[in-house]
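Colleague: Sequence isn't available, so here's the structure alone:
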């Protein structure tokens, strides 16, 4: 078991005379680390917007699924069923393609505040 004297010596070694952490952090912040807060805010806002977009898209797709199920339950022959299925698949492809483009576009504007220059 280490003696109390040794643990006291270790404490003295970690505190350095003449070093003021508060002023050092303020200096780092003035040199550009304050942009990190803008970076975080922009990132969180972009993720929130993308999350909302995805939830909205999923809700639209579920509505489309329910509509298609209703049409299938009321179709009267195999040709009509094939038409409903083809229409459903084509619409799904179109919607997923459009949504992917929208999400890619949204992701390109993830960090506008972090790249702005201070005036």
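Modeller: Okay, I see it. Bear in mind that the values here come from a model prediction, so they are computed numbers and not experimental data.
Colleague: and the longest helix along the chain, what's its mean pLDDT?
Modeller: When the chain is parsed with DSSP state H, its longest helix is helix 35-74. For helix 35-74, mean pLDDT rounds to 88.
Colleague: Tell me the buried residues in the helix or strand hosting residue 90?
Modeller: In the assignment (DSSP states H and E), residue 90 maps to helix 78-108. For helix 78-108, the neighbour count (16 or more other C-beta atoms under 10 Å) marks 84, 88, 99 as buried. Glycine gets a C-beta too; all of them are placed from N, C-alpha and C.
Colleague: State the distance from the last one to residue 85.
Modeller: Right, the one you point to is residue 99. 21 Å (C-beta to C-beta, to the nearest Å).
Colleague: just residue 94 next, same as before
Modeller: Applying C-beta to C-beta to residue 94 and residue 85 gives a distance of 15 Å.
Colleague: likewise residue 59?
Modeller: As judged by C-beta to C-beta, residue 59 and residue 85 stand 22 Å apart.
Colleague: Ok, residue 27 next?
Modeller: On the measure of C-beta to C-beta, residue 27 and residue 85 end up 66 Å apart.
Colleague: Verify the contact between residue 109 and residue 46 for me.
Modeller: Yes - counting by C-beta atoms under 8 Å, residue 46 is a contact partner of residue 109 at 6.8 Å.
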